[in-house]
Each structure stands twice: as C-alpha cells, then as structure tokens.
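In: I'd like to go over a predicted model; first the sequence, then the structure.
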Amino acid sequence: MLERLIKFLLPSDSTFFGFLDKIAENLLEGARVFERLREVEGHEAFAELSLHMGEIERVGDELARTMHDALDKTFVTPIDREDLHALTSALETTVDHLDGTASRVSIFGCERLSETMKEMVGVLGECVKEIAVAVRLLKDLQKADEIQLCVARVGALESKADKLYREGLGKLFAAPPPEAAALLRDRELLEALENAADQCNDCVKVIRTVVIKNL
C-alpha cells in the first residue's frame, strides 16, 4: 500500500517533461505557420493563416491547462513547481503573441508585409526554434551549457528584432503612407512583432532560471 502511494505521489519525471515537449512542439508548429507571413499576400490568405494560428493557440491553451492541473495535483515535481508553472505560462504567452500578431495582420486588412516586417517574422521563427531546443534539453541538465547557448542566441535575436523595429519605424516615418490609418497600422504591426520578440527573450530567461536553480 505504501509503495503504491509513493508511486502515485512521485510520478516519473518524464510526465512533466513530456508535457513541456508537447507545449514546445505546439509552439514550434505555431512558428512554422507564423513564418508563412513572409510568403503569403492578400487579405484572404492572411485571414486563413490567422485562423490556423488561432487553432494552434487554442491547443496551446489546452496543453498549458493540462500541465497546470497536473502540477497542482502532484505532491512532488522533478523541478520546482513554481518554475514549471512559470515556464508553462511563458511558452503559452509566446504562442499568444504569435497568434495576436497574425490576427492584427488579418484584422487590419493587410495585402502584404513590408520587408522589415518579413525580416522580423523570420527572426521570431528562429527564436522559437531555439526555445524548443532548450525545452527539450531541460530533461538532462548535464546539457546546461547547450541550453545556455540557446538562451544567448535568443537574446541576440531579440536584439536584432529590436534593431529592425527601430529601422522599420525610421523608414515608416521617413516616407509615411498617404493615409494616416496605414501609418498607424504599420506602426502597430512593428510593435506587435517587437513585443513578440521580447516575449521570446522573457521565455528563455525563465528557462535560464530553471537551469541555474537546478544545477
């Protein structure tokens, strides 16, 4: 009886790392769809892409809810419970940012993204790939150095996105579109992309905290 109780209270570490892998894989799928913003043109194509992103965001919400519920019902977790909650929320919020940006592109009736915006979309795709790698490595903290490299790469990519954001704003106001609405639209899209890059960096900061606390 006691042995069964202990087994119930101490689930295998793979349970939670498996949840994290699924959440990261959904985020990666979101990035794959999101990166298509560089290729498609036309309001209908952007609307369809936004719908796809919305589906991925809903899957992310459900995966995160499952993870949070499992954490709340488990006596002992492989790494700090609060850290697992924080990482789950950070990954979920990253998907939310990608979905929110894709929604804006559709809602604003865009026909195409500027070259700067396309570059920022690509940077975000690279950020998410690094995040996914780092999450998969968490189950083996002997690979902490590899995780830290992912963290550093995302930091560098976030700096690149910030630079692109400033350059994009400079171009936008140097040669503003004839309609004020278009200027406001493009400015908000640049801000949404930059905020998404910031969120990616926040996400890897949580991962770095997990690594440091569990070495």
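Out: That came through fine. Numbers count the residues shown, from 1 in each chain.
In: where does the prediction get shaky in the protein?
Out: Flagging of the chain using pLDDT under 70 yields the residue ranges 1-14.
In: show me where this structure has its helices.
Out: Using DSSP state H, the helices of the chain run over 2-9, 13-34, 43-73, 81-107, 115-137, 144-174, 180-214.
In: tabulate the ones you listed (JSON lines), appending mean neighbour count.
Out: Backbone N, C-alpha and C define where each C-beta goes, glycine included. Shown next, in JSON lines, are the helices of the chain (neighbours: other C-beta atoms under 10 Å):
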{"stretch": "helix 2-9", "mean neighbour count": "9"}
{"stretch": "helix 13-34", "mean neighbour count": "19"}
{"stretch": "helix 43-73", "mean neighbour count": "16"}
{"stretch": "helix 81-107", "mean neighbour count": "21"}
{"stretch": "helix 115-137", "mean neighbour count": "22"}
{"stretch": "helix 144-174", "mean neighbour count": "17"}
{"stretch": "helix 180-214", "mean neighbour count": "18"}
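In: grab the most central residue of this protein for me.
Out: In the chain, the centroid-proximal residue (C-alpha atoms, centre = their mean) is residue 94; its distance is 3.0 Å.
In: now do the contacts for that one.
Out: If you count contacts by C-beta atoms under 8 Å, 6 or more residues apart in numbering, residue 94 has them with 27, 128, 131, 196, 199, 200, 203.
In: could you rerun that using 7 Å?
Out: 27, 199, 200, 203 (C-beta atoms under 7 Å, 6 or more residues apart in numbering).
In: hang on, isn't the first one packed against residue 93?
Out: Yep, that's residue 27 we're talking about. No. Here residue 27 does not reach residue 93: they are 10.2 Å apart, not a contact under C-beta atoms under 7 Å.
In: what is the burial count for residue 215?
Out: 8 (other C-beta atoms under 10 Å).
In: go ahead and confirm it touches residue 145.
Out: No. Look at residue 215 against residue 145 with C-beta under 7 Å: they stay out of range, at 10.6 Å.
In: check the gap between residue 79 and residue 21 for me.
Out: Distance of residue 79 to residue 21, computed by C-beta to C-beta, to the nearest Å: 14 Å.
In: which residue packs closest to residue 124, ignoring adjacent ones?
Out: residue 196 (5.6 Å; C-beta to C-beta, 6 or more residues apart in numbering).
In: I meant to write residue 153 there.
Out: Excluding the flanking residues, the one nearest residue 153 by C-beta to C-beta, 6+ apart is residue 130, at 4.9 Å.
In: how about residue 131?
Out: residue 203 (5.6 Å).
In: got a list of what the one you found touches?
Out: Applying C-beta under 7 Å, 6+ apart, the residues near residue 203 are 90, 91, 94, 131.
In: tabulate these (TSV), appending distance to residue 74.
Out: Output for the contacts of residue 203, formatted as TSV (distance: C-beta to C-beta, whole Å):
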residue	distance to residue 74
90	20
91	19
94	24
131	24
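In: closest to residue 188 among these?
Out: residue 94 (19.2 Å; C-beta to C-beta).
In: now the closest one: how far from residue 137?
Out: Using C-beta to C-beta, residue 94 is found at 17 Å from residue 137.
In: rewinding a little: from the contacts of residue 94, which two are the most distant?
Out: Greatest spacing in those, by C-beta to C-beta: 27 and 199 (11.1 Å).
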